[in-house]
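**Student:** predicted structure and sequence below. I'll ask about it afterward.
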Amino acid sequence: MNSTIDKRAAGADMQPMSVGDMNFLISRLYLDCAPLQFVRELTKNSLDGIARNPGESGLVHWDMDWNLNSLSNGQASKLCIIDTGIGMTGPEMVQFINKLSSSSHVQSDKGNFGVGAKIAAAPMNPAGMVYSSWKDGKGTQIILHRDDAGNYGLKRFGAEFWRILPDDLKPVDKQGNQLIGEHGTAVTLFGESEDGSTMELPTGVRAPTPSMWITRYLNGRFFRFPDNVSVKVREGYQLDHSYMRAVTGMQPWLSRVSKTSGSVTLPSGGAVVHWWLMPSATDQGAEVDLNDPKWISGGHVAALYQDELYEVVYQNAGIARLQSFGIVFGPQRVVLYVEPAASRIAANTARTALIVDGQSIDWSSFAAEFRSVMPQALRDYQDELGAAMGEVDHRKAIAERLKSVRDLFRFGKYRPQKGGPFNIAPDSNAGGRTSQPLETSPDDAKKSGSRSRSVGDLYALFAEEVGQEAEHVDSPADPEVKWLPAAEVGVQDRAARFVPSTNHLLINSEFRVFTEMTARWVKRYDELPGSEGLITEVVHEWFQQQLVETVMSALALKQGGKWSTEEVERLWDDNALTAAVLPRYHVDMSIKRVLGQRLGTLRMAV
């Protein structure tokens with residue numbers, strides 16, 4: 001698809017398709033945009049304009065429109081983006097700005113769609129978007145706005161929809177220095193009304209750092225900018241000491257502050273994963289604030305395409321995704337960018353997600369592949385943190401107690417094994433419906449040896465009266481358990497998180513059910529100095545057992561019943577694991593018994 005399609009003349013027997021309600025279409029497409037998507041769209045337009053001047057350096061400045069501010073005697077504080085790109089003439093702006101899917105750049109699935117800035121910005125600026133552009137030394141201007149009837153379009157200036165601008169209206173910086181020479185463009189955003197300010201974060205939009213919302217957005221949206229382009233953003237515009245901050249995107253910052261980094265190609269060849277390991281607070285010479293508001297804080301994961309970041313997840317969501325990639329411990333210090341390598345890859349129309357071979361990104365497959373080829377530096381990092389966890393290992397005690405009910409955690413699956421204690425035969429339903437194994441005699445097993453078998457997965461067949469010798473398989477492996485602070489687990493006010501891909505059960509040591517139970521028994525043994533440490537261990541051990549049983553029971557239930565993967569995952573999600581520890585009577589009784597044995601009864605303690 002490219003712009004030449006639009007130029008083809010329709011035949012005499014053809015009525016070209018048109019838009020019945022342009023205003024509705026604009027409003028509907030706007031709903032698909034991220035809240036600050038207009039910042040990306042206008043910035044990308046500026047970068048594309050600069051790229052059309054090969055060999056020239058350029059600038060992109062997000063600043064106040066100081067000319068307008070001066071003309072209004074300081075009453076108008078309007079946000080403006082200025083670039084030194086190739087510029088547009090008045091007729092070109094009428095053509096490209098006032099038509100959807102029309103662009104001064106080549107349109108394609110992998111490049112410019114010609115809809116971004118109009119859709120993402122126009123509904124937020126009904127009072128107007130003023131385009132002032134210079135090309136070959138001549139300046140012109142158009143105004144895209146919404147009229148009183150709710151129609152989007154260009155304002156007329158006499159006979160034309162554009163007007164000529166004198167050079168003294170070229171964009172300037174705060175000191176009055178002109179920023180545009182022979183060519184360049186400035187877009188001023190008027191917002192909801194002519195007298196309101198558009199320099200602040202738009203009303204109703206949330207951002208991690210409202211005071212530097214454009215800086216934070218651009219750094220978190222772009223991987224890097226072209227080497228020949230300087231991108232800057234005005235901060236503290238209302239202060240006498242306001243200044244222009246350089247914006248680079250994430251890559252230069254990550255490369256500068258990371259402890260180590262690299263890239264790895266996934267075994268399938270479907271993507272390259274770029275990774276960074278950030279230094280800890282105790283690393284010698286490290287002066288890195290992982291929560292610096294100018295950057296995406298802490299550990300996070302994103303998709304990388306054409307030097308832009310898509311589908312970025314950070315904080316709790318980022319930690320969960322890092323855990324699926326095998327970064328179970330210390331995820332706050334790891335950053336992963338997955339760069340798909342498919343031949344068919346493009347952004348969706350709203351530029352919020354990537355489409356790879358016609359589908360959404362398969363994060364689970366990429367995560368599984370990455371775990372198999374995890375770089376040694378990250379493996380060492382996981383081993384180091386895992387070994388350093390100071391929590392007492394309760395697995396042996398819990399395993400000993402669960403011996404008596406271990407058979408309840410066994411899967412209902414069997415596989416051929418000579419001399420095995422069970423016999424299996426094809427089920428009448430080769431699709432794998434389960435049935436209970438039946439005991440058989442040795443004579444019965446011998447009689448069945450010559451029976452033919454239907455094609456199917458023998459591992460999914462079940463013990464019956466006749467069949468092949470088999471053994472029971474797939475007893476669930478006990479999960480690897482770690483007690484960690486809430487931030488490490490990636491949860492807030494939840495008991496635990498289970499990561500099935502690595503079989504890790506991460507328990508939130510700060511969860512109030514655990515801390516309140518600990519405080520309850522510490523208070524009861526307050527006359528016994530030094531008892532708090534032991535009480536904490538005992539409390540953790542019994543709650544850990546409840547969580548381990550919950551996970552193992554869910555795994556067994558899936559194999560023996562009608563539970564889809566999606567359904568069984570609800571049995572071990574963060575909420576389900578929290579519910580598992582809410583009943584406290586039996587846990588309290590068990591804690592009382594153990595503390596009585598190890599610290600003496602309460603009567604003795606007093």
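**Tutor:** Structure's in. What do you need?
**Student:** pull out the buried positions in the longest helix that the chain contains.
**Tutor:** In the chain, assigned by DSSP state H, the helix with the most residues is helix 532-560. By neighbour count with 16 or more other C-beta atoms under 10 Å, helix 532-560 contains the buried residues 534-536, 538-559. For glycine as for every other residue, the C-beta is placed from the backbone atoms N, C-alpha and C.
**Student:** what's the offset of it from the middle of its chain?
**Tutor:** 30 Å (C-alpha atoms, centre = their mean, to the nearest Å).
**Student:** what packs against that helix?
**Tutor:** The helices and strands touching helix 532-560, judged by 3 or more C-beta pairs under 8 Å, 6 or more residues apart in numbering; DSSP states H and E, are helix 395-402, strand 480-484, strand 504-508, helix 512-524, helix 565-569, helix 574-580, helix 585-599.
**Student:** average pLDDT for it?
**Tutor:** Averaging pLDDT along helix 532-560 yields 87.
**Student:** please enumerate the strands of the stretch 201-350 of the chain.
**Tutor:** Under the criterion DSSP state E, counting those that start in this stretch, the stretch 201-350 of the chain carries strands at the ranges 229-235, 243-247, 260-265, 271-277, 300-305, 308-314, 334-340, 345-347.
**Student:** export the ones you listed as JSON lines, with columns for distance to T198, mean neighbour count and mean pLDDT.
**Tutor:** Output for the strands of the stretch 201-350 of the chain, formatted as JSON lines (distance: least, C-beta to C-beta, whole Å; neighbours: other C-beta atoms under 10 Å; pLDDT from 0 to 100):
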{"stretch": "strand 229-235", "distance to T198": "12", "mean neighbour count": "20", "mean pLDDT": "97"}
{"stretch": "strand 243-247", "distance to T198": "18", "mean neighbour count": "16", "mean pLDDT": "95"}
{"stretch": "strand 260-265", "distance to T198": "38", "mean neighbour count": "14", "mean pLDDT": "97"}
{"stretch": "strand 271-277", "distance to T198": "35", "mean neighbour count": "21", "mean pLDDT": "97"}
{"stretch": "strand 300-305", "distance to T198": "28", "mean neighbour count": "24", "mean pLDDT": "96"}
{"stretch": "strand 308-314", "distance to T198": "24", "mean neighbour count": "18", "mean pLDDT": "95"}
{"stretch": "strand 334-340", "distance to T198": "32", "mean neighbour count": "23", "mean pLDDT": "97"}
{"stretch": "strand 345-347", "distance to T198": "26", "mean neighbour count": "19", "mean pLDDT": "89"}
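**Student:** let me have the ones you listed in CSV, extended by distance to Y131.
**Tutor:** Converted to CSV, the strands of the stretch 201-350 of the chain look like this (distance: least, C-beta to C-beta, whole Å):
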stretch, distance to Y131
strand 229-235, 20
strand 243-247, 22
strand 260-265, 40
strand 271-277, 37
strand 300-305, 28
strand 308-314, 24
strand 334-340, 34
strand 345-347, 24
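**Student:** for V568, which of those strands is the nearest?
**Tutor:** strand 308-314 (23.5 Å; C-beta to C-beta).
**Student:** shaky segments in the stretch 101-250 of the chain?
**Tutor:** 101-115 (pLDDT under 70).
**Student:** all helices of it, in order?
**Tutor:** 116-121, 213-221, 250-257 (DSSP state H, counting those that start in this stretch).
**Student:** out of those, nearest to P583?
**Tutor:** helix 213-221 (42.5 Å).
**Student:** how is the protein carved up into domains?
**Tutor:** As assigned by automatic domain parsing, the chain contains the domains 3-247, 250-388, 395-402+478-605, 412-473.
**Student:** pretty sure L165 sits against S132.
**Tutor:** Yes: the pair L165 and S132 qualifies as a contact (C-beta atoms under 8 Å) at a distance of 5.9 Å.
**Student:** and L582, that one's in a strand?
**Tutor:** No: read with DSSP: H, G, I helix; E, B strand; the rest coil, L582 is coil and lies in no strand.
**Student:** you'd agree it is up against V513?
**Tutor:** Yes: using C-beta under 8 Å, L582 makes contact with V513 at a distance of 6.8 Å.
**Student:** look at those two and report which has more neighbours.
**Tutor:** Using other C-beta atoms under 10 Å as the criterion, L582 and V513 rank with V513 on top: 17 against 9.
**Student:** check the gap between the residue nearest to E194 when sequence neighbours are not counted and K592 for me.
**Tutor:** Nearest residue to E194 in three dimensions, chain neighbours excluded: A127, at 5.5 Å (C-beta to C-beta, 6 or more residues apart in numbering). For A127, the distance to K592 equals 69 Å [C-beta to C-beta, to the nearest Å].
**Student:** so for these two, which sits in the more crowded spot?
**Tutor:** When A127 and K592 are compared for neighbours, A127 comes out ahead with 19 against 15, by other C-beta under 10 Å.
**Student:** if L354 is in a bridge, with which residues?
**Tutor:** A347 (DSSP bridges).
**Student:** quick check, it in contact with R344.
**Tutor:** No: contact criterion C-beta under 8 Å: L354 and R344 do not qualify, at 10.8 Å.
**Student:** the longest helix of the chain vs helix 585-599, what angle?
**Tutor:** In terms of direction (axes from the mean of the first three to the mean of the last three C-alpha atoms, to 10 degrees), helix 532-560 departs from helix 585-599 by 140 degrees.
**Student:** possible to save the helices of the stretch 101-250 of the chain as TSV with mean neighbour count and distance to V60?
**Tutor:** Converted to TSV, the helices of the stretch 101-250 of the chain look like this (neighbours: other C-beta atoms under 10 Å; distance: least, C-beta to C-beta, whole Å):
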stretch	mean neighbour count	distance to V60
helix 116-121	23	14
helix 213-221	23	9
helix 250-257	16	16
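**Student:** what's the closest of these to T185?
**Tutor:** helix 116-121 (11.3 Å).
**Student:** tell me what that closest one is packed against?
**Tutor:** So helix 116-121, by 3+ C-beta pairs under 8 Å, 6+ apart, packs with helix 22-31, helix 37-51.
**Student:** for the stretch 301-450 of the chain, what spans make up the helices?
**Tutor:** 315-324, 363-372, 376-388, 395-402, 442-447.
**Student:** list the helices and strands the first one packs on?
**Tutor:** Pointing back at helix 315-324 there. Against helix 315-324 (3+ C-beta pairs under 8 Å, 6+ apart) you get strand 300-305, helix 363-372, strand 496-499.
**Student:** check which helices and strands the last one sits against.
**Tutor:** Using 3+ C-beta pairs under 8 Å, 6+ apart as the contact test, the elements touching strand 496-499 are helix 315-324, strand 504-508, helix 574-580.
**Student:** how many neighbours does P171 have?
**Tutor:** Around P171 there are 26 residues (other C-beta under 10 Å).
**Student:** ditto for R163
**Tutor:** Around R163 there are 16 residues (other C-beta under 10 Å).
**Student:** likewise for I81?
**Tutor:** So I81, with other C-beta under 10 Å, has 24 neighbours.
**Student:** ok, it - contacts?
**Tutor:** 42-43, 46, 60-63, 186-187 (C-beta atoms under 8 Å, 6 or more residues apart in numbering).
**Student:** perfect, I'm done here.
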